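In: Pasting the sequence and the predicted coordinates here, then a few questions.
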Amino acid sequence: MRVFQSTYKGRDGATRKTARWYIEIRIESRPRRVPGFTDRKATEALGRSIEALARCKAGGERPDAALARWIEGLPRKLRAVLARIGLLAGCRAAALEPLLSHLDGAADAAGTVVLVGFRQALAAKGATARHVDLVANRARRVIEGCGFVFWSDVSASKVMAYLDGLRADTLDEKGKVAKRGIGAQSFNFYLAAFKQFCRWMVKDGRASESPVAHLDGLNVRTDRRHDRRALTVDEVRRLLTATAAAPDGFGMTGPDRAMLYRVAVETGLRAAELASLTRASFILDGPRPTVTVLAAYSKHRRQDELPLRPDTAAALRAFLAGKLPTAPAFNVPTGHLAAMLRADLKAAGIDYRDDAGRVVDFHALRHTAGTLLAATGAHPKVAQSLMRHSDINLTMSRYSHVLIGQESEAVAALPDLSAPPAEAVRDTGTAGPEPAPARLALCLALSGRKQVAPVHSGTQNHRDMTEGENGEKPPEMAENGPFADAGGEAGIRTQDQGLSPDNGLANRRFRPLSHLSARFACMGILPDPHRLSSRRTFRGI
């Protein structure tokens, strides 16, 4: 590499040097000249970068991250020079082609695709044509609105400023709002589409990093423009009844539209999924009627099989009779579905928009399906499976609404707090007889039975517990002792009276006086013996 100043002859014939410095570099054994800057050091730094780029091209390697960022930030004129001398070919397509070419792809005069674009990549992943157009057109609007031509032109601040300008309302000559700006949700849709395009550029190796990856969307709860509501059961019945008796419209008869709405509410299928159904999609015979949505038309690209109510299956059997297996089940009007439902709602006396600003469009029928599932008490996981949501929060938060009257019923089920407390009721004597406590029941049970116990167990421990040091009974166990019952019988009986689990003496070996302590515990004199250690004796209490 050589850095130099070119010379020229002035009008006076004197030889002079140019203010700009130049770089001379050999590429494939041929000298190439690249214009630099008026500063020599800046030109030398440019020359070193061009040398590194030339080495990558000669070795068939990809530029590293630092070199890639340098390429993407080159001025257009310098980028054109490097492309003309062959240094940028195959290294970074983003530095050569306009952004719209990366978005839509490029073809030569013969129609051969020379550059696969973002649109083709989305279609290759299995996205529907409608989804591809929606995302690509949103990204295109941002690119053209911000004036981006090449990748190096992309600026995060410009994107946010442009989208913020779209939110502004358009005023007429009188200062009134002629057209409202986009809402927060639409703002996020445009931003998400452009960020998706930039991520694809990085993943496809056309750019090193996305300059808009750090941008965040707006809080949609602060600016709701199109909130949906769910229909109540009575409203659904009114809609179906009125539509079934309505005249033809929008290419469908009244009964056809009523059956479409019924299937939409009971299955939660989306408009595009309903339009894809054929006669073969339904299995109406047998104990478990179902409807199947093919993976090509399902939003999550999986084949879905949903159960049908038996009465709905019977109605569909008559509705689909005579149709070929490949015939569409419903003649869904393309582009007029919302207008069709709005007309039928009006005929049924149902407001399209309620006092809270919530609307009933065709997708609100799917909201109705999720809400009715929640109202029936279905388990959240079952509702999530039927709604085919990947996140249960979407099922419970977005698609489950509170129906009219549910809040009143829930409040009415609360306990009556105006009633007097239990103590006041007992003081007035209106509470009725109190139930006998468990301690009283124990006392009555003990006083009504005989106390029996063995006097010979064949073990030294038993004799130690029932006899004193001289073989005499302790005073506590003597007849007519302090623990004799009212009939003069002592608390310890002889073996001939037997031992049974019902007389409370089964644990005499470990708790010899538990039957006595239990009696006094129930009278409130001693604590409950069952709460004491089994190794404590009556003297130790």
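Out: Here it is on my side, so go on.

In: show me where pLDDT drops low in the stretch 351-500 of the chain?
Out: By pLDDT under 70, the low-scoring segments of the stretch 351-500 of the chain are 424-500.

In: go with 90
Out: 354-357, 375-377, 390-500 (pLDDT under 90).

In: Neighbours of the nearest residue to residue 37 once chain neighbours are set aside, how many?
Out: Excluding its sequence neighbours, the residue lying closest to residue 37 (C-beta to C-beta, 6 or more residues apart in numbering) is residue 43, at 5.1 Å. Where you see a C-beta, it was placed from the backbone N, CA and C, and this is true even at glycine. For residue 43, the neighbour count with other C-beta atoms under 10 Å is 20.

In: and residue 43, which of the three is it?
Out: Judged by DSSP: H, G, I helix; E, B strand; the rest coil, the three-state class of residue 43 is helix.

In: Could you check the pLDDT of it?
Out: On the pLDDT scale, residue 43 is placed at 91.

In: Test my guess that it contacts residue 21.
Out: Yes: between residue 43 and residue 21 a contact is recorded at 3.9 Å, counting by C-beta atoms under 8 Å.

In: which residues are in contact with both of these two?
Out: Taking C-beta atoms under 8 Å, 6 or more residues apart in numbering as the contact rule, the neighbours common to residue 43 and residue 21 are 3, 36, 37.

In: Output those residues as TSV; include the columns secondary structure and distance to residue 117.
Out: Output for the shared contacts of residue 43 and residue 21, formatted as TSV (DSSP: H, G, I helix; E, B strand; the rest coil; distance: C-beta to C-beta, whole Å):
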residue	secondary structure	distance to residue 117
3	strand	39
36	coil	35
37	coil	35
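
In: Pull out the buried members of those.
Out: In the shared contacts of residue 43 and residue 21, burial by neighbour count holds for 3, 36, counting by 16 or more other C-beta atoms under 10 Å.

In: What is the nearest of the shared contacts of residue 43 and residue 21 to residue 378?
Out: Set against residue 378, the nearest of the shared contacts of residue 43 and residue 21 by C-beta to C-beta is residue 37 (70.9 Å).

In: What pLDDT is listed against the closest one?
Out: For residue 37, pLDDT reads 89.

In: Against residue 16, how distant is it?
Out: 18 Å (C-beta to C-beta, to the nearest Å).

In: could you pull out the helices for the stretch 101-250 of the chain?
Out: Per DSSP state H, counting those that start in this stretch, the stretch 101-250 of the chain has helices spanning 118-124, 129-146, 156-166, 184-203, 233-244. These are given in chain order.

In: Format these as a markdown table; extra columns: distance to residue 410 and mean pLDDT.
Out: Putting the helices of the stretch 101-250 of the chain into a markdown table (distance: least, C-beta to C-beta, whole Å; pLDDT from 0 to 100) gives the following:
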| stretch | distance to residue 410 | mean pLDDT |
| --- | --- | --- |
| helix 118-124 | 46 | 93 |
| helix 129-146 | 40 | 94 |
| helix 156-166 | 42 | 95 |
| helix 184-203 | 30 | 94 |
| helix 233-244 | 17 | 96 |
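
In: Of all those, which one comes closest to residue 55?
Out: The closest of these to residue 55 is helix 184-203. By C-beta to C-beta, the value is 23.7 Å.

In: mind checking how far residue 60 is from residue 68?
Out: Counting by C-beta to C-beta - residue 60 and residue 68 are separated by 16 Å.

In: what sits up against the helix or strand residue 54 falls within?
Out: Remark: residue 54 resides in helix 40-59, with elements defined by DSSP states H and E. The contact list for helix 40-59 (C-beta under 8 Å, 6+ apart) reads 1, 3, 21-23, 25, 27-28, 34, 36-37, 61-63, 67, 70-71, 82, 86-91.

In: got the CA positions of the very next helix or strand once past that helix in PDB?
Out: Per DSSP H and E, helix 40-59 leads on to helix 65-72 as the next helix or strand towards the C-terminus. What follows is helix 65-72 as a C-alpha-only set of coordinates in PDB (Å, rounded to 0.1, in the frame of the first residue of the first chain):
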ATOM      1  CA  ALA A  65     -17.100  -7.900  13.300                       C
ATOM      2  CA  ALA A  66     -15.000  -4.700  13.400                       C
ATOM      3  CA  LEU A  67     -14.300  -4.700   9.600                       C
ATOM      4  CA  ALA A  68     -18.000  -5.500   8.900                       C
ATOM      5  CA  ARG A  69     -19.100  -2.500  10.900                       C
ATOM      6  CA  TRP A  70     -16.600  -0.400   9.000                       C
ATOM      7  CA  ILE A  71     -17.900  -1.500   5.700                       C
ATOM      8  CA  GLU A  72     -21.500  -0.800   6.700                       C
END
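
In: Going forward, count from 48.
Out: With the count now opening at 48, the last piece we talked about shows up as helix 112-119.

In: and the direction of helix 112-119 versus that of helix 87-106, what angle?
Out: Angle between the axes of helix 112-119 and helix 87-106 is 110 degrees (criterion: axes from the mean of the first three to the mean of the last three C-alpha atoms, to 10 degrees).

In: buried residues in helix 112-119?
Out: Buried-residue list, helix 112-119, by 16+ other C-beta under 10 Å: 114, 115, 117, 118, 119.

In: wait, is residue 78 part of a strand?
Out: Yes: counting by three-state DSSP, residue 78 falls inside a strand.

In: so what pLDDT did it get?
Out: In this model, residue 78 carries a pLDDT of 87.

In: which SS class is the nearest residue to it once chain neighbours are set aside?
Out: Spatial nearest neighbour of residue 78, chain neighbours left out: residue 71 (5.7 Å); criterion: C-beta to C-beta, 6+ apart. Three-state call for residue 71 (three-state DSSP): strand.
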